[in-house]
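In: Predicted model follows, preceded by the sequence.
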Amino acid sequence: MKQYKIVVEKHADGYVAYPLGIKGVVVGQGDTYEEALSDVKSAIRFHIETFGDEGLDIEPPILEAFVAEAGV
């Protein structure tokens, strides 16, 4: 089992999730955090089953991810 860093964003109308470091469109969504995370995991599995591991254009591995808010 491969591990991916997933970003889950909360929006006014639900949640959106996407993996970091993967080029292309692999996105999940849902009404809850858990639904969005489950949906993106399903999308990653589908992508791998359809195109193989080579179908994931993975950039160099992301070691850590941070979210920051800054006034400019």
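Out: Perfect, thanks for sending it.
In: Glu9: neighbour count?
Out: 13 (other C-beta atoms under 10 Å). Using the backbone N, CA and C atoms, a C-beta is placed for each residue, glycine as well.
In: Which of the three states applies to it?
Out: What DSSP: H, G, I helix; E, B strand; the rest coil gives for Glu9 is strand.
In: what's the answer for Lys41, then?
Out: helix.
In: which ones are touching it?
Out: Contacts for Lys41 (C-beta atoms under 8 Å, 6 or more residues apart in numbering) come out as Ile6, Gly28.
In: mind checking how far it is from Gly30?
Out: 11 Å (C-beta to C-beta, to the nearest Å).
In: what do you get for Leu63?
Out: 28 Å.
In: Just the mean pLDDT for stretch 38-55, thanks.
Out: Stretch 38-55 shows a mean pLDDT of 86.
In: Sorry, slip of the keys, the one I care about is stretch 5-25.
Out: 90.
In: in the protein, which spans are strands?
Out: 6-11, 14-19, 22-23, 28-30, 57-58 (DSSP state E).
In: chain center to the first one: distance?
Out: Mean C-alpha position of strand 6-11 versus that of the full chain (C-alpha atoms, centre = their mean, to the nearest Å) differs by 9 Å.
In: Does anything pack onto that strand? Which helices or strands?
Out: Applying 3 or more C-beta pairs under 8 Å, 6 or more residues apart in numbering; DSSP states H and E, we find strand 6-11 packed against strand 14-19, helix 33-51.
In: Over to the second one?
Out: Helices and strands in packing contact with strand 14-19 are listed as strand 6-11, strand 28-30, helix 33-51; criterion 3+ C-beta pairs under 8 Å, 6+ apart.
In: any idea which of these is most buried?
Out: Ranked by mean neighbour count, the helices and strands packed on strand 14-19 are led by strand 28-30 with a mean of 19 (mean count of other C-beta atoms under 10 Å).
In: Out of the strands of the chain, the one nearest His47 is which?
Out: The closest of those to His47 is strand 22-23. By C-beta to C-beta, the value is 8.4 Å.
In: No more questions from me, cheers.
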